[in-house]
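S.K.: Here's a sequence, model it:
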Amino acid sequence: MAARTPTAAVALAAGILAAACGGSTNTLTVAGTVEIREVRLSPLASGRLQRLLKDEGDSVRVGDTVAVLEQPGLAALIEQRRALADAASIRTAEIRAAEADSQRAANDLGRARVLAGQGIASAQELERLQAAAAAAGARLQAVRASVRESQAARAAAEATASVLDQLVLVSPADGIVLTRFAERGEVIAAGVPVVSVGLVRTPWIRAYVGERFVTRLRTGQDVRIRVDGSDSAFAGRITEIAPRAEFTPRAALTERERADLVFGIKITTDGAGGAGGGGRLKAGMPVQVEIPLLP
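M.R.: Here you go, the predicted model:
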């Protein structure tokens, strides 16, 4: 091969530089970081941490029990309220009998009044039937009140039993336990997290673009994600563009870059890089994002 002259070498270098600059006007390449969503599992009721079935680094699937808390005396309280609620069935039979007695007394009183008008029934008999009807009505009202109390006791028993479900922490999705915030035996207040679960199957990318490029981006735009040291690329999509500018994060390398205003963008993947696609994208991993710029 013939040796290139200095003039030819300079011309070749200039051509390569021009081609690179032309490509940069159509495609923007920015550095990004892989992120995963984190779910903190907290009980809805306070209790003592009795069992911790998953530890940091363990995989969990949707519906897996992660931790179980307990409340001393809760089981006895549930049994007590259930016993009170069981009286509702007995009271139901009593109210039917009381309704029948009240109806029978009312019918007897109605017939006695007709007979009294005809001069057949005596005044004493009429008074006796009136008193019997009043007593039957009062008994019916008392039994109905008892039934309402029994129904309230049943509702209270169901509400107390529901606390047991509030003391069981279940994973809402597939993932990995990232952090354990409590130890067995600790008393956990309602709303205080016990563990955090990372949703590794749905990683996303956080990246920043300069102010001069943000007008050439839009949400829903397709991008390509490349991992350092790999020739493969993953498909992604811009799902969010920050509405406000901010200073370049501290990861920027120069003072000039840190002084520039940038807009944060969020990029979701198609799942190929997550756990379902071999788990290539890991939390904290640096990636390169190639974004076709709009005209």
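
S.K.: Would it be right to say that Thr160 lies in a helix?
M.R.: Yes - according to DSSP: H, G, I helix; E, B strand; the rest coil, Thr160 belongs to a helix.

S.K.: Using CSV, list the CA coordinates for stretch 238-250.
M.R.: The C-alpha coordinates for stretch 238-250 follow below in CSV (Å, rounded to 0.1, in the frame of the first residue of the first chain):
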residue,chain,number,x,y,z
ILE,A,238,-38.3,8.0,26.7
THR,A,239,-41.2,8.1,29.1
GLU,A,240,-40.5,11.3,31.0
ILE,A,241,-38.7,14.6,30.5
ALA,A,242,-38.2,16.8,33.5
PRO,A,243,-40.3,20.0,33.3
ARG,A,244,-37.6,22.0,35.1
ALA,A,245,-33.9,22.4,34.4
GLU,A,246,-31.2,21.6,37.0
PHE,A,247,-27.4,21.7,37.2
THR,A,248,-25.5,18.8,35.8
PRO,A,249,-25.1,16.1,38.5
ARG,A,250,-21.8,15.8,40.3
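
S.K.: What residues of stretch 194-214 count as buried?
M.R.: 194-205, 207-209, 214 (16 or more other CB atoms under 10 Å). Where you see a C-beta, it was placed from the backbone N, CA and C, and this is true even at glycine.

S.K.: quick one: low-confidence parts of the stretch 151-295 of the chain?
M.R.: Scanning the stretch 151-295 of the chain with the threshold set as pLDDT under 70 gives 151, 248-260, 271-279.

S.K.: Okay, strands next: where are they in it?
M.R.: Listed in chain order, the strands of the stretch 151-295 of the chain (DSSP state E, counting those that start in this stretch) span 168-170, 175-180, 187-188, 195-210, 222-227, 233-241, 246-247, 261-269, 286-292.

S.K.: Who are the packing partners of the second one?
M.R.: Pointing back at strand 175-180 there. Under the contact criterion of 3 or more CB pairs under 8 Å, 6 or more residues apart in numbering; DSSP states H and E, strand 175-180 touches strand 59-60, strand 195-210.

S.K.: And it, what's buried?
M.R.: Gly175, Ile176, Val177, Leu178, Arg180.

S.K.: would you list these in JSON lines and tack on distance to Ser162?
M.R.: Formatted as JSON lines, the buried residues of strand 175-180 follow (distance: CB to CB, whole Å):
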{"residue": "Gly175", "distance to Ser162": "26"}
{"residue": "Ile176", "distance to Ser162": "30"}
{"residue": "Val177", "distance to Ser162": "26"}
{"residue": "Leu178", "distance to Ser162": "29"}
{"residue": "Arg180", "distance to Ser162": "26"}
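
S.K.: with those residues in mind, which one is nearest to Arg81?
M.R.: Arg180 (34.2 Å; CB to CB).

S.K.: residues contacting the nearest residue to Glu183 once chain neighbours are set aside?
M.R.: Nearest residue to Glu183, sequence neighbours excluded (CB to CB, 6 or more residues apart in numbering): Leu49, at 7.1 Å. Listed by CB atoms under 8 Å, 6 or more residues apart in numbering, the contact set of Leu49 reads Ala67, Val68, Leu69, Ala182, Glu183, Arg184, Gly185, Glu186, Val187, Ile188, Val194.

S.K.: Now with 7 Å, please.
M.R.: Ala67, Leu69, Ala182, Arg184, Gly185, Glu186, Ile188, Val194 (CB atoms under 7 Å, 6 or more residues apart in numbering).

S.K.: Would you show me how to pick out the buried ones of these in ChimeraX?
M.R.: Typed into ChimeraX, the line below selects the buried ones among the contacts of Leu49, using 16+ other CB under 10 Å:
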select :67,69,182,188,194
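
S.K.: would you turn the contacts of Leu49 into CSV with distance to Val227?
M.R.: Below are these laid out as CSV (distance: CB to CB, whole Å):
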residue, distance to Val227
Ala67, 35
Leu69, 41
Ala182, 36
Arg184, 39
Gly185, 43
Glu186, 40
Ile188, 39
Val194, 34
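
S.K.: between the contacts of Leu49, which is closest to Glu240?
M.R.: Nearest member of the contacts of Leu49 to Glu240, counting by CB to CB, is Val194, at 29.9 Å.

S.K.: Is that closest one in contact with Val68, as I believe?
M.R.: No - assessed by CB atoms under 7 Å, Val194 is found out of contact with Val68, at 10.0 Å.

S.K.: neighbours around Asp231, how many?
M.R.: Residues near Asp231, counting by other CB atoms under 10 Å, number 6.

S.K.: any idea how far Ala153 is from it?
M.R.: 69 Å (CB to CB, to the nearest Å).

S.K.: same thing with Glu211?
M.R.: According to CB to CB, Glu211 stands 66 Å off from Ala153.
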